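In: Predicted model and sequence follow; I will ask about them next.
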Amino acid sequence: MTHRWAGRWLQACVGVGLALALGGAARAEETSGAAGLPVEEIEKIVRDYLMREPELIYQALEELQRRQAAAEVERQRAAIAANREQLTNDAGDPVAGNPDGNVTLVEFFDYQCSYCRQVVQTVRELVDEDQELKVVFKEFPILGEASVIAARAALAAREQDRYLPFHFALMGTRDLSLDGIMQLAEQVGLDTERLARDMHAPAIEQQLQANFALAQELGIEGTPAFVIGEELVPGAVDKRRLAGLVEEVRANCLTC
C-alpha cells in the first residue's frame, strides 16, 4: 500500500469511526435524555467507543465498499443502455462474425495489451463456433504512441477490406513500430502506400476520440473490456465465462 493510499485509508477509518461513535453517542443521548454534551465529553465517547469496538470500523468500510460497487454497476448499466446504439451499431467500428447476429459482444482493446493478446484466440473461436454472434471491435489505444499508430493503421485497413486479417496479425506481433506495422500490412495483402495515407483520415481520428469518450462514460479504465447485454466485463475473461455470458444474454434476450 502506498503512503498516499494508506493515508486516505486511515482518513476513511477515522471518518467512519467518528460517524459510528457519534451515532452511538446520539443513541446514548436519546436513551438517557441528556442534551447539549460538551465537546470534551463527545471526544471521550468517541475514544472509548473506538477502543471498545474497533472491528465496527472495518465492518462499516466493507459495507461502504459493497454499496459503492453496487452503485457503480448500476451506473454502468444505465450508461450502457443510454449508449446502446453507439456500442453495437456504430458504422465506424469493425465487426466480426454475423453482422445481423442476435447477440452482440463489444470489445475495447489495445494492441500493446498483453491481456488483450490472451483473449484473441477466445474471441476467434467464439466467432467460428457461434453463427449468431456479432463482435464489435472498439479500438482503444491507451498504452502509448505505438498503440495509437497501430489502431490508426487497423482502422485504415477497412478501406481495403482487410481489417480482420490485419487486426489478428497486429495482435500476434511484438513489433509495433511504423516500419514493423507496414511490413505486416504488406504480408496480409495491403497496399501500404494507400494505408499510410488513409491512416491520417479525419474519420479515423473522430472514431478514436468517440471510442475514448464512450469508454470514459462507461467507466472503462483498462483493456480488454467487454460489453455484453447490460454488463461491463473487464479483464482477460476465459472462453467458458464469455460463452456463458453470450448464452445468458441470448436466453433472456437482455437487449441482445
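Out: All right, it came through fine.
In: all contacts plus neighbour counts: C-alpha atoms, from now on.
Out: Fine.
In: Need the mean per-residue confidence for the host helix or strand of residue 182.
Out: Using DSSP states H and E, residue 182 sits within helix 178-187. If you average the pLDDT over helix 178-187, you get 97.
In: In the following helix or strand past that helix, which residues are buried?
Out: Note on helix 178-187: by DSSP H and E, the next helix or strand toward the C-terminus is helix 192-198. The neighbour-count check on helix 192-198 (16 or more other C-alpha atoms under 10 Å) flags 192, 195-196, 198 as buried.
In: Put the alpha carbons of helix 192-198 into CSV.
Out: Written as CSV, here are the backbone C-alpha positions of helix 192-198 (Å, rounded to 0.1, in the frame of the first residue of the first chain):
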residue,chain,number,x,y,z
THR,A,192,1.0,0.2,-47.9
GLU,A,193,1.1,3.5,-49.7
ARG,A,194,-2.6,3.8,-49.5
LEU,A,195,-2.7,2.6,-45.9
ALA,A,196,-0.2,5.3,-44.9
ARG,A,197,-2.4,8.0,-46.5
ASP,A,198,-5.7,6.6,-45.0
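In: which helices and strands sit right next to it?
Out: Applying 3 or more C-alpha pairs under 8 Å, 6 or more residues apart in numbering; DSSP states H and E, one finds that helix 192-198 makes contact with helix 145-156, helix 178-187.
In: Spit out the contact partners of residue 123.
Out: Counting by C-alpha atoms under 8 Å, 6 or more residues apart in numbering, residue 123 touches residue 239.
In: at 10 Å instead, please
Out: Residue 123 makes contacts with 96-97, 105, 107, 129, 135, 238-239, 242-243, as judged by C-alpha atoms under 10 Å, 6 or more residues apart in numbering.
In: ok, now how distant is it from residue 152?
Out: 21 Å (C-alpha to C-alpha, to the nearest Å).
In: Equivalent analysis for residue 188, please.
Out: When distance is defined by C-alpha to C-alpha, residue 188 is 16 Å away from residue 152.
In: between the two, which one's more packed in?
Out: Neighbour count, other C-alpha atoms under 10 Å: between residue 188 and residue 152, residue 152 has more, with 23 against 15.
In: What sits closest to the more buried one if chain neighbours are left out?
Out: Counting by C-alpha to C-alpha, 6 or more residues apart in numbering, residue 152 lies nearest to residue 199, which is 5.1 Å off, once chain neighbours are set aside.
In: My read is that that neighbour contacts residue 160, right?
Out: No - under the criterion of C-alpha atoms under 10 Å, residue 199 makes no contact with residue 160, lying 12.0 Å away.
In: So for the two, which sits in the more crowded spot?
Out: Neighbours were counted for residue 199 and for residue 160 using other C-alpha under 10 Å; residue 199 has more, 20 against 14.
In: check contacts around that one.
Out: Contacts for residue 199 (C-alpha under 10 Å, 6+ apart) come out as 149-157, 205.
In: avg pLDDT for stretch 96-104?
Out: Across stretch 96-104, pLDDT averages out at 96.
In: hey, C-alpha coordinates of that stretch in CSV?
Out: Taking Å, rounded to 0.1, in the frame of the first residue of the first chain, the C-alpha atoms of stretch 96-104 are listed here in CSV:
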residue,chain,number,x,y,z
ALA,A,96,-16.5,-9.9,-37.0
GLY,A,97,-19.0,-12.8,-37.1
ASN,A,98,-22.6,-12.3,-38.1
PRO,A,99,-23.4,-8.6,-38.5
ASP,A,100,-27.1,-9.5,-38.0
GLY,A,101,-26.4,-11.8,-35.1
ASN,A,102,-28.9,-12.0,-32.2
VAL,A,103,-26.2,-11.3,-29.6
THR,A,104,-23.5,-8.6,-29.8
